[in-house]
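**Q** Could you work out the structure for the sequence below:
(chains A and B, ligands or ions: 3)
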Amino acid sequence: MSSTTNCLKTIGSPSLEELKGSPGFPDEHHMKKGPIAIIECIEAIPCNPCETACPKGAIVVGHPITNLPTLDVEKCIGCGLCIAACPGLAIYVKDYTYSDTEALIVFPYEYYPLPSIGDKVTMVNRRGAEVCEGKVLKINLSEKNNKTPVISVSFPKKHFEEIVSMKRI
Amino acid sequence: MYKTSIAVIGGGPAGLSAAIEAAKAGAQVVLIDENSRPGGQLFKQIHKFFGSKEHKAGVRGIDIGKQLLKEAQELGIEVWLNTEVCGIEQNKLLWAVKNKTESVQLLSERIVLATGAMENSIHFPGWTLPGVMGAGAAQTFINIHRVAPGKKVLMIGSGNVGVIVSYQLLQAGCEVTAIVEASPRLGGYGVHTAKVCRAGVPFYTSHTILRALGENKVEGAVIGRLNDKWEFIPGTEKVFEVDTICIATGLTPLAELAWIAGCKFKYIPELGGFVPLHDENMETTIQGIYVAGDITGIEEASSAMEEGRLAGINAAASLGFYSSKQKEKLCNEVRERLDALRQGPFGKMRRIKKQELITSRREIRCHQQQIV
Ligand SMILES: Cc1cc2nc3c(=O)[nH]c(=O)nc-3n(C[C@H](O)[C@H](O)[C@H](O)COP(=O)(O)OP(=O)(O)OC[C@H]3O[C@@H](n4cnc5c(N)ncnc54)[C@H](O)[C@@H]3O)c2cc1C
Ligand code: SF4
Ligand code: SF4
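**A** Numbering: from 1, shown residues only, chains lettered A, B, ... in the order given. Ligands and ions are numbered 1, 2, ... in the order given. Below you'll find the predicted structure:
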């Protein structure tokens, strides 16, 4: 294994290099084209609800079930249905084109208390470090999500690559 | 004395699945569990499970438990709760204690042992202080009794149990100060470690706990770095102010009943220690006694359910409830799914080791036939 694979197994979260070599991570071009799913699942574990959840057939795990999920960037419309379906909470949707200055992230968040719409929250990177402020736009509590709230937050575009979640409140 | 066709001991995912399959085939089944409700580990597991649709992936452990329970009830399976099985005699006579007061005997034609596993402990100065507990105990506190075991927790062990319980402690409002791992690599699934990592919990690999601090309860913990021979490097101590220390250093199969029954065992560290030998139908070296789930090697709820199904189908078939053709068809479906679960870097080792168990069982059988 290359040295970059060590991040996930030593620090706990994957590095950008590890992610960029994985089939669920969109390439730079598609990443910035519009809303798209980003899958941070880079270890061969027996799991495939992401595949079953996507109505567009954009995620393929196939056989054996330990294959890494592959995202078809052409098919993904960024609808976000796969987010709460993933038991690993490893999928979020990002939209680089949200506004001139801001990007959007839609991510799973299983902590109480939940923020309220309009709240300013602190956005964090993969290691939990505080990076910037974000604004809560939407909280999806649909029954389909089976008790995993899915939150939409806008944040400054320049932190697009780093941000993966918000700090607990 | 009570009588039944099949007695299933342990009401976790393995036992419930065995009982359901056996009852579906038409056999009379008694399911016994020492707890006040069946479900085993499942009722503590509020997180969504991995796997495929057939393994109820994406469903929370607790809901899988409820579904299995409902199915068991619909099939009219007799369930004895608060009943601890203490002995098995030669002719498959079980001795159990009900409600800690009443001694009962149950004569059964077939027995499925699905007693699960128990947590390993590690010993360090201060380990008996109140506030030091198994990760499973902490999980029971928060998810069953809804009480936080403390405010600031140090987790020892980064396997799936350590990281999942850490995540659930965060969800319960506790602070997880750090996760300590003796190995240079983290043990749990990357998606789980990433979850607690982005919540700001630091991991300390190549570190171990040296002692717990405090007079009458845990008030802190000292950890230290290990060299590549897993020896403590003096001068690397770090002190954390915590009130709870959780230990998640692995599980050991709970196999006393299989020992008592006279089953043959093999020591396979990768499966958690001594495990009863069994064949591809989950039958042990004692005819008519089957095993399934964590008792046969520490795995997962999804594999426990499949093994339970195998044991249930075979126990029922051996009593004539299935033709051998029907039985093989059903078993092959289950074995295919089991194989699929034992792929990838996490599953491969388990597949190899489980095969080792089955091969050892086969060798013993050949040997027995030669003697006869
Ligand atoms: C924190 C944690 C997270 C996990 N997450 C996952 C996951 O995401 N996906 C997954 O697939 N697996 C997961 N697992 C693993 C899974 O829970 C176990 O592998 C599974 O529960 C094993 O099932 P079992 O039926 O063999 O044993 P158990 O669930 O342990 O059930 C055994 C039952 O037998 C009873 N019993 C024992 N001895 C006796 C006796 N003498 N008399 C009567 N009753 C007895 C016990 O009380 C218990 O109720 C997790 C485990 C833990 C601890
Ligand atoms: S965002 Fe929608 S279209 Fe894209 S992978 Fe997820 S479910 Fe499929
Ligand atoms: S559902 Fe999530 S954890 Fe499972 S394979 Fe898909 S991305 Fe990975």
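
**Q** so who does the closest residue to A:V60 other than its chain neighbours touch?
**A** Once flanking residues are discounted, A:V60 sits nearest to A:T70: 5.0 Å by CB to CB, 6 or more residues apart in numbering or on different chains. (C-beta placed from N, C-alpha, C; glycine too.) Contact analysis of A:T70 by CB atoms under 8 Å, 6 or more residues apart in numbering or on different chains lists A:P23, A:G24, A:I59, A:V60, A:V61.

**Q** what do you get for B:L16?
**A** Neighbour list for B:L16: B:L31, B:P38, B:G39, B:G40, B:G65, B:L68, B:L69, B:E71, B:A72, B:M305, B:G308 [criterion: CB under 8 Å, 6+ apart].

**Q** Which members of those are positioned in strands?
**A** If you go by DSSP state E, these have B:L31 in strands.

**Q** Ranking by neighbours, what's the top pick from the contacts of B:L16?
**A** B:G308 (32 neighbours; other CB atoms under 10 Å in any protein chain shown).

**Q** what stretches of the chain score poorly on pLDDT?
**A** Reading this off chain A. For chain A, the stretches flagged by pLDDT under 70 are A:1-5.

**Q** switch to chain B, that's the one I care about
**A** Chain B contains residues with pLDDT under 70 at B:371-372.

**Q** what's the distance between the residue of it found nearest ligand 3 and ligand 2?
**A** Chain B approaches ligand 3 most closely through B:V191 (4.9 Å), counting by CB to the nearest ligand atom. B:V191 is 16 Å from ligand 2, where distance means CB to the nearest ligand atom, to the nearest Å.

**Q** any idea what sits nearest that residue, other than its immediate chain neighbours?
**A** B:V191's closest residue in space is A:G88 (CB to CB, 6+ apart), at 3.0 Å.

**Q** In contact with B:K266, which residues are there?
**A** Each residue near B:K266 by CB under 8 Å, 6+ apart is listed here: B:F274, B:V275, B:L277, B:E356, B:L357, B:S360.

**Q** Strands - which of those land there?
**A** Residues from the contacts of B:K266 lying in strands, with DSSP E as the criterion: B:F274, B:V275.

**Q** Adding neighbour count and distance to ligand 1 as columns, could you present the contacts of B:K266 in TSV?
**A** TSV is the format used below for the contacts of B:K266 (neighbours: other CB atoms under 10 Å in any protein chain shown; distance: CB to the nearest ligand atom, whole Å):
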residue	neighbour count	distance to ligand 1
B:F274	15	16
B:V275	27	12
B:L277	24	17
B:E356	17	19
B:L357	21	15
B:S360	17	21
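
**Q** among the contacts of B:K266, which two are most distant?
**A** B:F274 and B:E356 (13.5 Å; CB to CB).

**Q** mind listing the helices for chain A?
**A** Secondary structure of chain A (DSSP state H): helices located at A:6-10, A:16-20, A:28-31, A:49-53.

**Q** and if you look at the stretch 101-250 of chain B?
**A** Under the criterion DSSP state H, counting those that start in this stretch, helices of the stretch 101-250 of chain B are mapped to B:135-143, B:160-171, B:190-197.

**Q** looking at these, which is closest to A:T52?
**A** Among the helices of the stretch 101-250 of chain B, helix B:190-197 comes nearest to A:T52, with 16.8 Å by CB to CB.

**Q** Compute the inter-axis angle for that closest one and helix B:160-171.
**A** Angle, helix B:190-197 to helix B:160-171, by axes from the mean of the first three to the mean of the last three CA atoms, to 10 degrees: 30 degrees.
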